[in-house]
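**Student:** missing the sequence, but the structure's below:
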């Protein structure tokens, strides 16, 4: 019962002890309490109860009962870090038990061998136990033994064997009422899905298991460890570190298992390393090494030593001693049959290369490279990274490029199994090294064209295909509606000069987690070859007049790839770090200029724009010709107000996350309906004054539109304002529209970019809402603050409002990269629409609208803060 209804089992055991039971029955009751405390509570109390149970079993003169308790005590001792005593208890238990009881003891010893990382002994004990358990028709313990054997197979990388055992165990669990064991089976299936490379399924199954555990009221430390592993593979290392540290604190709070603490410290160390926090990784890994050594868990100790070495290397401590340490770890992991062995060999090879020890590096990298043809995607990535480094050390640029191509193809296939755009974006971080190696090789041997191809290969890849449309999940839709309502109430409280009630904020955060969690469960479409970037096609589209400026960053320096007139030229510009600092100064200046009285800062901002031009364009600024310019910056530079740069100030200028996305936007046809939508959200300082004027200009009443004429508009616009501007109605009207103008407060969420929003009458319209559109509007104008802010994640990916729209059918967006003066936006928007009405593109109309603004500082800064994205 302790694994079917834990709380009830504990209560009944305590009641039995209060009824003066016999030694035999008292032994059972103390054992139940000991199991409960061992797995869900304080291990010190567990040991006290289990020793009492052992003594009572001896008084009852029941060898079978004593053997059973000794097995439970052995597990508890190992979990408390007393490995030698635990194994001694098992020796006694195996000797005292016979037949069926001995089989149960062997199963539990097999579990302990797994905990200790001694997988050969685990498989041997479970092999001896299963036939006896089956012969006794012991369904529950047979299912447990099969689940354990599957878990051991997974640890050794044998996914197919594990899957067969999990399937057999699940069929047995379905015939029982063991709810905790059933939850554990779901958790194990999640682990199997992860090991086979299916991250969305793993997240879904682990969340399901967590819900089952929550109903039983039992802690989930092992599940947390597994979930953190999946989160790291999905590129969510910071989130994994937070979860692991929270679980460590909770475990310490209840005096829980020291074995679990070691495993949580290991996963926290790995997460910190992946989150570029090497000092935290060092601290967590060093603690884990000490714990595992004391527990005699050499499998885990060796894995922790691998992370410790990686963290030391990340802090700049490369040395010959570390090469030897990494090589020793690789040898031990290989002897264990651990899938992480190639990672250790790759690490040893990297350190050796950094020291110039090419022969040593080649030996270690050759071992790591063997994994490139087999195993899950990330293991094969390790192999291709090793192969690329081998080729670079041998001076073979062709070999580097081939290895990088093969490795990124593997990651592409993996990335496309992910349905959520956030996961697709973050997963690219795992290919950043290969992309950088290929760019360096191209720079040395291939000329500007090849560098452009490799610059595009791993830039804004999320925009290359629409995200998987969220399913019509009633639970997800209900959570999004509830989130919107709570967010509206919170905003109302802030508007009234207060702050939302803490309970309301907690519930809002809970709903955010639920929405995000369910979104991450989505599985992507089957991978395909996609639409590979073609330099010739780009140059044909650009023609003789248009210039495309792609900025690539190699070893911290900006390289300008100037495309047009049938060729690609390369220029060296400044350092990326200096450009980022200058861009922050410009943003601060634009924020000040949004308010009257800051006119004296205008020359300072203009001078900063000139410095930015030197850092970002360098000598290429003199070769831009006289026609339109498309700027393709790296993710870290998308907040630059490009219209401020002197060489671009009077240009028809557009910005694109990649040359590929610009090509797709250029080739996107507008919808046949020609439908336009004007939306005015609440609380704007200008009250969205341009919306009624635009509506009057085109003859549309400020109510839902009806077919009719009106200048270049195919029909009178649909105008949504007041209570009409509610999220469900706005989404219906946006779907498939030719043009949408949404005057609404924009909020950028750096902590969770897909919760960036536009404020509607009933609450925020978030990026997750936009991803439900069948086709987003062909052109969108977002005339409010911060609508063009992005989170730069992964290798070179952007998440935000604008980038959510581009893969869904939007070919052009006008949005704002900085806070602006609401009143000054109105004349800019009216002039912009005047240009569109005359048949201009968004970029052409925005250029003319800037020119038409008054010359004061506020209006000039407002014009610079807006950019045209895409090609419509």
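**Tutor:** On my side now, so go ahead. Only a predicted model underlies this, so the values are computations on that prediction, with no experimental measurement involved.

**Student:** every contact and neighbour count from this point should use C-alpha atoms.
**Tutor:** Fine.

**Student:** any idea which helix is longest in the chain?
**Tutor:** helix 474-495 (DSSP state H).

**Student:** identify each buried residue in it, please.
**Tutor:** Using 16 or more other CA atoms under 10 Å as the test for burial, helix 474-495 gives 476, 479-491.

**Student:** and it, what does it pack against?
**Tutor:** helix 502-520, strand 763-766 (3 or more CA pairs under 8 Å, 6 or more residues apart in numbering; DSSP states H and E).

**Student:** next structured bit after the last one?
**Tutor:** Secondary structure here is assigned by DSSP states H and E; on that basis, the next helix or strand after strand 763-766 toward the C-terminus is helix 767-770.

**Student:** likewise the first one?
**Tutor:** Per DSSP H and E, the first helix or strand lying C-terminal to helix 502-520 is helix 535-542.

**Student:** ok, residue 71 to residue 24 distance?
**Tutor:** 17 Å (CA to CA, to the nearest Å).

**Student:** which of these two has more neighbours?
**Tutor:** A count of neighbours by other CA atoms under 10 Å puts residue 71 above the other of residue 71 and residue 24, at 32 against 18.

**Student:** run the chain-centre distance for stretch 78-96.
**Tutor:** The chain centre lies 41 Å from the centre of stretch 78-96; the measure is CA atoms, centre = their mean, to the nearest Å.

**Student:** which residues touch it?
**Tutor:** Residues outside stretch 78-96 that contact it (CA atoms under 8 Å, 6 or more residues apart in numbering) are 43, 63-64, 66-71, 73-77, 102, 105-106, 109, 112, 257-260, 291, 294-296.

**Student:** of the residues you listed, buried ones?
**Tutor:** Those of these that meet the buried threshold are 43, 63-64, 66-71, 73-77, 102, 105-106, 109, 112, 257-260, 291, 295-296, by 16+ other CA under 10 Å.

**Student:** just the ones of those in helices?
**Tutor:** Per DSSP H, the buried ones among the contacts of stretch 78-96 map to helices at 43, 63-64, 66-71, 73-77, 102, 105-106, 109, 112, 258-260, 291.

**Student:** with adjacent residues omitted, what lies nearest to residue 337?
**Tutor:** Spatial nearest neighbour of residue 337, chain neighbours left out: residue 156 (6.0 Å); criterion: CA to CA, 6 or more residues apart in numbering.

**Student:** quick one: contacts for that neighbour?
**Tutor:** 119, 337-339.

**Student:** do you know how far the residue lying closest to residue 632 once chain neighbours are set aside is from residue 655?
**Tutor:** Spatial nearest neighbour of residue 632, chain neighbours left out: residue 550 (4.5 Å); criterion: CA to CA, 6+ apart. Going from residue 550 to residue 655 by CA to CA gives 10 Å.

**Student:** just checking, next helix/strand downstream of the host helix or strand of residue 209?
**Tutor:** Residue 209 is part of helix 199-216 when elements are defined by DSSP H and E. Using DSSP H and E, the helix or strand that follows helix 199-216 in sequence is helix 221-233.

**Student:** run through the neighbouring helices and strands of that following helix.
**Tutor:** Applying 3+ CA pairs under 8 Å, 6+ apart, one finds that helix 221-233 contacts helix 179-195, helix 199-216, helix 237-254, helix 258-274.

**Student:** any low-confidence regions in the protein?
**Tutor:** 465-467, 471, 495-498, 500, 525-531, 699-715 (pLDDT under 70).

**Student:** rerun at 50
**Tutor:** 701-713 (pLDDT under 50).

**Student:** in this structure residue 293 contacts residue 302, no?
**Tutor:** No. Applying CA atoms under 8 Å, one finds residue 293 not in contact with residue 302, separated by 9.3 Å.

**Student:** and these two? which has more neighbours close in?
**Tutor:** Neighbour count, other CA under 10 Å: between residue 293 and residue 302, residue 302 has more, with 20 against 15.

**Student:** on that earlier part again, what about the residue nearest to residue 337, distance to residue 335?
**Tutor:** Distance from residue 156 to residue 335, by CA to CA: 11 Å.

**Student:** still on that earlier bit, list the contacts of the helix holding residue 209.
**Tutor:** With CA under 8 Å, 6+ apart, helix 199-216 has contacts from 5-7, 179-180, 183-184, 186-187, 189-194, 219-220, 223, 227, 230, 233-234, 418-419, 517-518, 520-523.

**Student:** now do the buried residues in it.
**Tutor:** So for helix 199-216, counting by 16+ other CA under 10 Å, buried means 199-210, 212-213, 216.

**Student:** do stretch 124-134 as well
**Tutor:** For stretch 124-134, by 16+ other CA under 10 Å, it's 125-127, 129-130, 132-133.

**Student:** of those, which belong to strands?
**Tutor:** Residues of these located in strands (DSSP state E): none.

**Student:** quick one on the thing from earlier: now, which of the buried residues of helix 199-216 sits nearest residue 454?
**Tutor:** residue 199 (27.2 Å; CA to CA).

**Student:** ok so residue 654 is a strand residue?
**Tutor:** Yes. The assignment for residue 654 is a strand, going by DSSP: H, G, I helix; E, B strand; the rest coil.

**Student:** beta partners for it?
**Tutor:** Taking DSSP bridges as the rule, residue 654 bridges to residue 630.

**Student:** for it, give me its contacts.
**Tutor:** Here residue 654 is in contact with 629-631, 843, 867-871 (criterion: CA under 8 Å, 6+ apart).

**Student:** which of the residues you listed lies closest to residue 796?
**Tutor:** Distances from residue 796 to the contacts of residue 654, taken by CA to CA, are shortest for residue 631, at 15.3 Å.

**Student:** hmm, residue 656 and that closest one touching each other?
**Tutor:** Yes. Here residue 631 reaches residue 656: they are 6.3 Å apart, a contact under CA under 8 Å.

**Student:** okay, these two: which has more neighbours?
**Tutor:** Just comparing residue 631 and residue 656: by other CA under 10 Å the higher neighbour count belongs to residue 656, 27 against 23.

**Student:** any idea how far that one is from residue 723?
**Tutor:** The gap separating residue 656 from residue 723 is 35 Å, by CA to CA.

**Student:** cool, and residue 801?
**Tutor:** Relative to residue 723, and taking CA to CA, residue 801 is found at 23 Å.

**Student:** more neighbours: which of those two?
**Tutor:** Per other CA under 10 Å, whichever of residue 801 and residue 723 has more neighbours is residue 801, with 28 against 12.

**Student:** and the nearest residue to that one once chain neighbours are set aside, how many residues sit next to it?
**Tutor:** The shortest distance from residue 801 to any residue other than its chain neighbours is 6.0 Å, reached at residue 767 (CA to CA, 6+ apart). For residue 767, the count of nearby residues is 21 (other CA under 10 Å).

**Student:** report the contact partners of residue 767.
**Tutor:** Contacts of residue 767 by CA under 8 Å, 6+ apart are 753-757, 800-801, 804.

**Student:** 7 Å - rerun?
**Tutor:** In this structure, residue 767 makes contact with 754-757, 801, 804, judged by CA atoms under 7 Å, 6 or more residues apart in numbering.

**Student:** and the contacts of residue 654 as CSV, adding distance to residue 315?
**Tutor:** CSV is the format used below for the contacts of residue 654 (distance: CA to CA, whole Å):
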residue, distance to residue 315
629, 41
630, 39
631, 35
843, 45
867, 39
868, 41
869, 39
870, 40
871, 43
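
**Student:** now, of these, which are buried?
**Tutor:** 629-631, 843, 867-871.

**Student:** hmm, back to that, so which of the contacts of residue 767 sit within helices?
**Tutor:** 801, 804.

**Student:** considering the contacts of residue 767, which possesses the most neighbours?
**Tutor:** residue 801 leads the contacts of residue 767 on contacts (other CA under 10 Å) with 28 neighbours.

**Student:** OK, contacts around the closest residue to residue 792 other than its chain neighbours?
**Tutor:** Leaving aside its sequence neighbours, residue 792 sits nearest to residue 798 (CA to CA, 6+ apart; 4.8 Å). Residue 798 makes contact with 460, 635, 790-792, according to CA under 7 Å, 6+ apart.

**Student:** mind running it again at 6 Å?
**Tutor:** By CA atoms under 6 Å, 6 or more residues apart in numbering, the contact set of residue 798 is 790-792.
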